[in-house]
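In: this one's structure only:
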């Protein structure tokens, strides 16, 4: 009797060990290799639905009966299997019964909002029905629960916001700052072929969501708009940036924000070139920084530039230069050109006074925006040029 008991115990232990191993292997392979998992545990619900998914991907039309059979078997083992329900919905659509498919897919999403395939189906269904509100509802669910869906949905949405109706439906998600909105707005700024829809959306929202990234997002969009010569749109977005002032658009004076490029392309842009560059430095007893400039000998380059929105007309220009040290022929020159025109030839160049250049600027009627530029030349010899520009002013 004792020996028989030992044999029974060992046999049960072996069976238990095999079942544990089978379940462990099944858990690892049931989604990646469901056929192998089903060889070990033929009734495993996740593996059954994963196998049905494989068949659908391989041949959606001909696999319909087998998909349904596997999905039903999966539901018999696990009634709360959202993927299996979704696959039954797909099978119903393949068989031509779209309303039944909709009913089953909705059942799947009621079990789990994280069933990505069901959300995608609903997105397509409501998009084809021209129901923008419900389409975006399922965009929101899918992007909130499955961030990797961004690669598929962001390109679609960035194209769709060119439509006013889509923007109107999307606006509440922007205003509520849904978890995926910042990522989408960043994607759209960098990847949209036409930025008009995005610019309109940001304007309608009265700026980017206030979540700590709004300045960087706005400045990135402004930079691209300026590079595309869309100066009015850049101006409109700038005025929505926290701390933006309309007066800065017409005033080239240095201020504290220029030291760390707080306003990006709407502030002073300085060159960081080994042969000629500019850098903002503090001035004693002054809030405004100075621009320290240097240029090696035999070097003439632009060291700083600023976009301005001055109305056409006559203006007086003044600048103050200190600590000027240069070899023969070295100089600092100020000039202005019109980026809206194809030819970048300056329409104005400052007078030659080395320390207090002043001049009258005549901005032509066809030049709604201007680039004010600072050119530094190191001249001849070995000394090069070093100087500090402590102030710049343009007055009418």
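Out: Yep, it's here. Just so it is clear, the model here is predicted, and its values are computed rather than measured. Numbers count the residues shown, from 1 in each chain.

In: quick check: residue 275 vs residue 292, distance?
Out: Using C-beta to C-beta, to the nearest Å, residue 275 is found at 15 Å from residue 292. Using the backbone N, CA and C atoms, a C-beta is placed for each residue, glycine as well.

In: hmm, who's touching the top strand by length along the chain?
Out: The longest strand of the chain (DSSP state E) is strand 313-326. Under the criterion C-beta atoms under 8 Å, 6 or more residues apart in numbering, residues 290, 332, 334, 350, 354-363, 378-379, 383-396 lie in contact with strand 313-326.

In: please check those residues and keep the buried ones.
Out: Listed as buried from these are 290, 332, 334, 350, 357, 359, 361, 363, 378-379, 384-392, 394; burial here means 16 or more other C-beta atoms under 10 Å.

In: show me where the protein has helices.
Out: Under the criterion DSSP state H, helices of the chain are mapped to 2-29, 34-40, 45-58, 64-77, 82-94, 98-111, 116-128, 132-145, 150-160, 164-175, 181-191, 196-204, 214-227, 231-238.

In: for the fifth one, name the packing helices and strands.
Out: If I follow you right, that is helix 82-94. For helix 82-94, the packing partners by 3 or more C-beta pairs under 8 Å, 6 or more residues apart in numbering; DSSP states H and E come out as helix 45-58, helix 64-77, helix 98-111, helix 116-128.

In: just checking: what are the partner strands of the longest strand of the chain?
Out: Using DSSP bridges, strand 313-326 pairs in its sheet with strand 358-363 (antiparallel), strand 385-395 (antiparallel).

In: could you give the mean pLDDT of that strand?
Out: Across strand 313-326, the average pLDDT comes to 92.

In: ok, stretch 287-300 next?
Out: Here stretch 287-300 scores 94 as its mean pLDDT.

In: list the buried ones in it?
Out: Quick answer for stretch 287-300 (16+ other C-beta under 10 Å): 289-297, 299-300.

In: ok, of the helices of the chain, where does mean pLDDT dip lowest?
Out: The minimum mean pLDDT among these belongs to helix 2-29 (a mean of 38).

In: run the chain-centre distance for stretch 280-295.
Out: 34 Å (C-alpha atoms, centre = their mean, to the nearest Å).

In: ah, wrong one, I meant stretch 219-229
Out: 13 Å.

In: gap between residue 285 and residue 345?
Out: 40 Å.

In: who's more crowded, these two?
Out: residue 345 (8 against 5; other C-beta atoms under 10 Å).

In: what's around the closest residue to the more buried one other than its chain neighbours, how many residues?
Out: Spatially, and ignoring its direct neighbours in sequence, residue 345 is nearest to residue 337 (6.5 Å; C-beta to C-beta, 6 or more residues apart in numbering). By other C-beta under 10 Å, the residues close to residue 337 number 19.

In: what is residue 337 paired to in the beta sheet?
Out: Assigned bridge partners for residue 337, using DSSP bridges, are residue 371.

In: wait, what's in contact with it?
Out: Applying C-beta under 8 Å, 6+ apart, the residues near residue 337 are 344-347, 370-371, 373.

In: mind running it again at 7 Å?
Out: Shown in contact with residue 337 (C-beta atoms under 7 Å, 6 or more residues apart in numbering): 344-347, 371.

In: redo these as JSON lines? Include pLDDT and distance to residue 211.
Out: Formatted as JSON lines, the contacts of residue 337 follow (pLDDT from 0 to 100; distance: C-beta to C-beta, whole Å):
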{"residue": "344", "pLDDT": "79", "distance to residue 211": "39"}
{"residue": "345", "pLDDT": "90", "distance to residue 211": "44"}
{"residue": "346", "pLDDT": "95", "distance to residue 211": "42"}
{"residue": "347", "pLDDT": "95", "distance to residue 211": "42"}
{"residue": "371", "pLDDT": "97", "distance to residue 211": "33"}
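
In: most widely separated two among those residues?
Out: Spatial extent of the contacts of residue 337 (C-beta to C-beta) is set by the pair 345 and 371 at 12.0 Å.

In: count of neighbours near the nearest residue to residue 199 once chain neighbours are set aside?
Out: Take residue 199 and drop its neighbours on the chain: the residue closest to it by C-beta to C-beta, 6+ apart is residue 233, 4.8 Å away. Other residues within reach of residue 233, judged by other C-beta under 10 Å, total 22.

In: measure residue 233 to residue 369 for me?
Out: 12 Å.

In: what's the farthest-apart pair in the buried residues of stretch 287-300?
Out: Greatest spatial distance among those (C-beta to C-beta): 289 and 297, at 26.6 Å.

In: kindly report the domain assignment for this protein.
Out: 21-112, 133-244, 254-395 (automatic domain parsing).

In: can you tell which of these is closest to residue 119?
Out: Checking the domains of the chain against residue 119 by C-beta to C-beta gives domain 133-244 as the closest, at 4.0 Å.

In: how distant is the closest one from the center of its chain?
Out: Taking C-alpha atoms, centre = their mean, one finds the center of domain 133-244 at 8 Å from the center of the full chain.

In: how close does residue 165 sit to residue 123?
Out: If you go by C-beta to C-beta, the gap between residue 165 and residue 123 works out to 16 Å.
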